[in-house]
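Participant: Okay, predicted coordinates and the sequence, questions at the end:
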Amino acid sequence: MSRLLLTLNGIHKSFAGKPVIEDVSLSLKQGEITTLIGPNGAGKSTLAKIILGLIKPDSGTRLPNAELNIGYMPQKISIDPTLPISTCRFLQLANTSHQACHQALESVGIRHLTKIPIQRLSGGELQRALLARAILRNPNLLVLDEPVQGVDVNGQNALYKMINSLAKTLNCGVLMVSHDLHLVMSATDQVICLNRHICCEGHPEKVTQDPAFIDIFGQTTAIYSHHHDHDHNLHGEVLDDHTHQHGESYNHD
Amino acid sequence: MTDFLLYALLAGVGVAAVAGPLGCFVVWRRMAYFGDTLAHSALLGVSLGVMLDINLNITVTAIPLIMAMFLVFLEQRGFLSLDTLLGILSHSALALGLVVISLLPDVRVDLMSLLFGDLLAVTQSDLWVIYGVACAVMILLGLLWQQLINITVDPELAAVEGTNVTLVSTALMLITALVIALAMKVVGVLLITALLIIPAATARQLSHTPEQMAVVASVIAMMAVVMGLAMSWYIDTPAGPSVVISAGVLFSLSLGYRRLAS
């Protein structure tokens, strides 16, 4: 169940003399969802690309499991409109059969868009197509860079649910890059809060109460941010007036 | 029909056949300026060949190849935007080529034919070179096709899925340099990019898959060559520019077709 997929040890990376990643170590396990959060410019995408093997670190080691097979969903993709390519063909570039592509599109709910030029998909549809390509080759690690970008809130929830259920079906590890924890919170096993170095890490409930986390994100962007009419202290107790009712699912322990 | 016209036709059709699929990549990957740079460096190749008394076929191929490698190197360093870099190299190469030619004591070089092509002066041995290189390019494109499409769509996805992006994109640049050296005969250094881009852009209006677009672009480029030569034959216009004008006319027609079809 929790086989080690990939380990990073003491990774450093700088661009043009400016450090972007400093002394980052982490490990990703099969069947475990890791969420990488951090403010803009914290080096999240760079770290994801080091994990993917797209960027070589200046120092430190990247140790992949021999059977590591990564499915990658990039933050965005821009395909020149002069390239005539259907959604199905886009998936087939991952080197798989026609039938596998249809199945993957089916499992993300856009089978009906098979023949549509990929440039004509909406933001949400394109994210699903990218997800379909990521799962095509039965990966044991899914790397998803801001997977719900450009998707409306309802769509975001649906997409996260879909990712979770796909990850369960594939029994793969997931590394999700996000700037917003509250939607992914319930399904995340491990949160890594990055701001060039790792500020804090661990179980989401622990991390959101960590002073280092609150220092960066403040309390309003933490996991209970959908209640904007009150605030929490470090222990999650409500600070100001109690004019609203809490839903049963929001316990503040 | 006279021999020189037949040779011109065969040479033009041979170059057009490879210009089609390669032109598609130039359009998809926005390499038009890159093509210009290589073409201008081919002129430098001619000047150097004449100056150093080396076979022109060799220098005209070698200089764009070297330039292509140099650009790959500079692009990876990323210390100036590629656009600016190409602008500097492209026009420096053109200027240097022209200056070197002007300095040569006995001018044996017809500048107009270098700039605008000299299709009607193609010889039988030129034909062998053209068809040899064209076949090699076709085979390479065929072997690398799937990977080329893959890195064109998204190089990072392709890399994660196991494609050697550096190798494949370098190969494409070298193939482009080869085809440009070849196309110089047909339309000259100033119009090469037109022969690559216009048929591909025309084919875009008529295609639904990358493969369809490549084949249609080939056919359109061949039609442009035939039409251009006919124009040159009947109303005595320069062959290279006539080919480009024909391609332009076909492109306009394809826009009309697209409008009618939709």
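Facilitator: Great, that's in hand.

Participant: Only C-alpha atoms from now on, for both contacts and neighbour counts.
Facilitator: Fine.

Participant: show me what contacts the residue nearest the centre of chain B?
Facilitator: Central residue check for chain B by Cα atoms, centre = their mean: the C-alpha nearest the mean position is that of B:Ile180, 3.7 Å away. Going by Cα atoms under 8 Å, 6 or more residues apart in numbering or on different chains, B:Ile180 touches B:Gly35, B:Leu38, B:Ala39, B:Ala42, B:Ile192.

Participant: repeat that with 10 Å
Facilitator: B:15, B:19, B:35-36, B:38-42, B:60-61, B:64-65, B:174, B:186, B:188-189, B:192-193, B:195-196 (Cα atoms under 10 Å, 6 or more residues apart in numbering or on different chains).

Participant: can you give me the helices in chain A?
Facilitator: Using DSSP state H, the helices of chain A run over A:44-52, A:87-92, A:98-107, A:123-135, A:153-170, A:204-207, A:211-217.

Participant: Out of the contacts of B:Ile180, which end up buried?
Facilitator: Buried members of those, scored by 16 or more other Cα atoms under 10 Å in any protein chain shown, are B:15, B:19, B:35-36, B:38-42, B:60-61, B:64-65, B:174, B:186, B:188-189, B:192-193, B:195-196.

Participant: which regions of the stretch 1-150 of chain B sit below the pLDDT cut-off?
Facilitator: Along the stretch 1-150 of chain B, the parts satisfying pLDDT under 70 run over B:1, B:78-79, B:107-108.

Participant: residues near A:Pro74, how many?
Facilitator: When neighbours are defined as other Cα atoms under 10 Å in any protein chain shown, A:Pro74 has 21 of them.

Participant: go on, A:His98?
Facilitator: If we define neighbours as other Cα under 10 Å, then A:His98 has 12 of them.

Participant: which residues touch the helix or strand harbouring B:Val99?
Facilitator: B:Val99 is part of helix B:82-103 when elements are defined by DSSP states H and E. For helix B:82-103, the surrounding residues in contact (Cα under 10 Å, 6+ apart) are B:31, B:33-48, B:50-51, B:67, B:71, B:74-76, B:78-80, B:107-111, B:189-190.

Participant: Any of the residues you listed buried? List them.
Facilitator: Among the contacts of helix B:82-103, those classed as buried by 16+ other Cα under 10 Å are B:31, B:33-48, B:50, B:67, B:71, B:189-190.

Participant: from the residues you listed, which ones fall inside helices?
Facilitator: Residues from those lying in helices, with DSSP H as the criterion: B:33-48, B:50, B:67, B:71.

Participant: OK, contacts around whichever residue of the stretch 1-150 of chain A sits closest to chain B?
Facilitator: Among the residues of the stretch 1-150 of chain A, A:Pro84 lies closest to chain B, at 5.0 Å counting by Cα to the nearest Cα. A:Pro84 makes contact with A:117-119, B:28, B:204-213, according to Cα under 10 Å, 6+ apart.

Participant: what's A:Pro117 in contact with, if anything?
Facilitator: By Cα under 10 Å, 6+ apart, the residues touching A:Pro117 are A:Pro81, A:Leu83, A:Pro84, A:Ile85, A:Ser86, A:Thr87, A:Cys88, A:Arg89, A:Phe90, B:His208, B:Thr209.

Participant: could you say which helix or strand contains the residue nearest to B:Leu119 when sequence neighbours are not counted?
Facilitator: Nearest residue to B:Leu119, sequence neighbours excluded (Cα to Cα, 6 or more residues apart in numbering or on different chains): B:Val186, at 4.9 Å. B:Val186 belongs to helix B:165-187 when elements are defined using DSSP H and E.

Participant: What parts of the stretch 101-250 of chain A come near chain B?
Facilitator: Contact residues (Cα under 10 Å from any Cα of the partner chain) of the stretch 101-250 of chain A with chain B: A:Lys115, A:Ile116, A:Pro117, A:Leu130, A:Arg133, A:Ala134, A:Arg137.

Participant: Touching, the first one and A:Leu91? I think so.
Facilitator: In other words, A:Lys115. No - using Cα atoms under 10 Å, A:Lys115 is not in contact with A:Leu91; the gap is 11.4 Å.

Participant: For these two, indicate the residue with more neighbours.
Facilitator: Ranked by neighbour count (other Cα under 10 Å), A:Lys115 and A:Leu91 place A:Leu91 first, with 25 against 13.

Participant: ok, back up a step: need the helices of chain A in CSV (columns: mean pLDDT).
Facilitator: Output for the helices of chain A, formatted as CSV (pLDDT from 0 to 100):
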stretch, mean pLDDT
helix A:44-52, 93
helix A:87-92, 93
helix A:98-107, 90
helix A:123-135, 92
helix A:153-170, 86
helix A:204-207, 79
helix A:211-217, 78
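
Participant: Please convert the ones you listed to CSV, extending it with distance to B:Val137.
Facilitator: CSV is the format used below for the helices of chain A (distance: least, Cα to Cα, whole Å):
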stretch, distance to B:Val137
helix A:44-52, 33
helix A:87-92, 24
helix A:98-107, 29
helix A:123-135, 31
helix A:153-170, 42
helix A:204-207, 55
helix A:211-217, 55
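
Participant: can you tell me the helix or strand for B:Val133?
Facilitator: helix B:124-153.

Participant: Report the buried residues of that helix.
Facilitator: Buried residues in helix B:124-153, counted by 16+ other Cα under 10 Å: B:126-127, B:130-131, B:133-134, B:137-138, B:141, B:145, B:147-153.

Participant: For chain A, tell me which of those residues show up nearby.
Facilitator: B:Gln147, B:Ile149, B:Asn150, B:Ile151, B:Thr152, B:Val153.

Participant: now the third one: how far from B:Ala201?
Facilitator: Going from B:Asn150 to B:Ala201 by Cα to Cα, to the nearest Å gives 20 Å.

Participant: quick one on the thing from earlier: out of the residues of the stretch 101-250 of chain A next to chain B, which end up buried?
Facilitator: Applying 16+ other Cα under 10 Å to these flags A:Pro117, A:Leu130, A:Arg133, A:Ala134, A:Arg137 as buried.

Participant: what about the strands in chain A?
Facilitator: A:4-15, A:18-29, A:33-37, A:59-64, A:70-73, A:141-145, A:173-178, A:190-195, A:197-202 (DSSP state E).

Participant: Take these and lay them out in JSON lines including mean pLDDT and mean neighbour count.
Facilitator: Compiled in JSON lines, the strands of chain A are given as follows (pLDDT from 0 to 100; neighbours: other Cα atoms under 10 Å in any protein chain shown):
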{"stretch": "strand A:4-15", "mean pLDDT": "92", "mean neighbour count": "18"}
{"stretch": "strand A:18-29", "mean pLDDT": "92", "mean neighbour count": "17"}
{"stretch": "strand A:33-37", "mean pLDDT": "91", "mean neighbour count": "26"}
{"stretch": "strand A:59-64", "mean pLDDT": "93", "mean neighbour count": "16"}
{"stretch": "strand A:70-73", "mean pLDDT": "94", "mean neighbour count": "26"}
{"stretch": "strand A:141-145", "mean pLDDT": "93", "mean neighbour count": "25"}
{"stretch": "strand A:173-178", "mean pLDDT": "91", "mean neighbour count": "24"}
{"stretch": "strand A:190-195", "mean pLDDT": "89", "mean neighbour count": "23"}
{"stretch": "strand A:197-202", "mean pLDDT": "86", "mean neighbour count": "18"}
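
Participant: Throw the ones you listed into a markdown table and include distance to A:Ser45, thanks.
Facilitator: Listed next are the strands of chain A as a markdown table, based on distance: least, Cα to Cα, whole Å:
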| stretch | distance to A:Ser45 |
| --- | --- |
| strand A:4-15 | 12 |
| strand A:18-29 | 10 |
| strand A:33-37 | 9 |
| strand A:59-64 | 16 |
| strand A:70-73 | 12 |
| strand A:141-145 | 7 |
| strand A:173-178 | 7 |
| strand A:190-195 | 11 |
| strand A:197-202 | 13 |
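
Participant: So A:Asp210 sits against A:Val191, correct?
Facilitator: No - A:Asp210 is not in contact with A:Val191 according to Cα under 10 Å; the separation is 11.6 Å.

Participant: residues shared between the contacts of those two?
Facilitator: A:Cys200, A:Glu201, A:Gly202, A:Pro204.

Participant: The first one: what's it in contact with?
Facilitator: With contact set as Cα under 10 Å, 6+ apart, A:Cys200 has these partners: A:Val191, A:Ile192, A:Cys193, A:Leu194, A:Lys206, A:Val207, A:Thr208, A:Asp210, A:Pro211, A:Ala212, A:Phe213.
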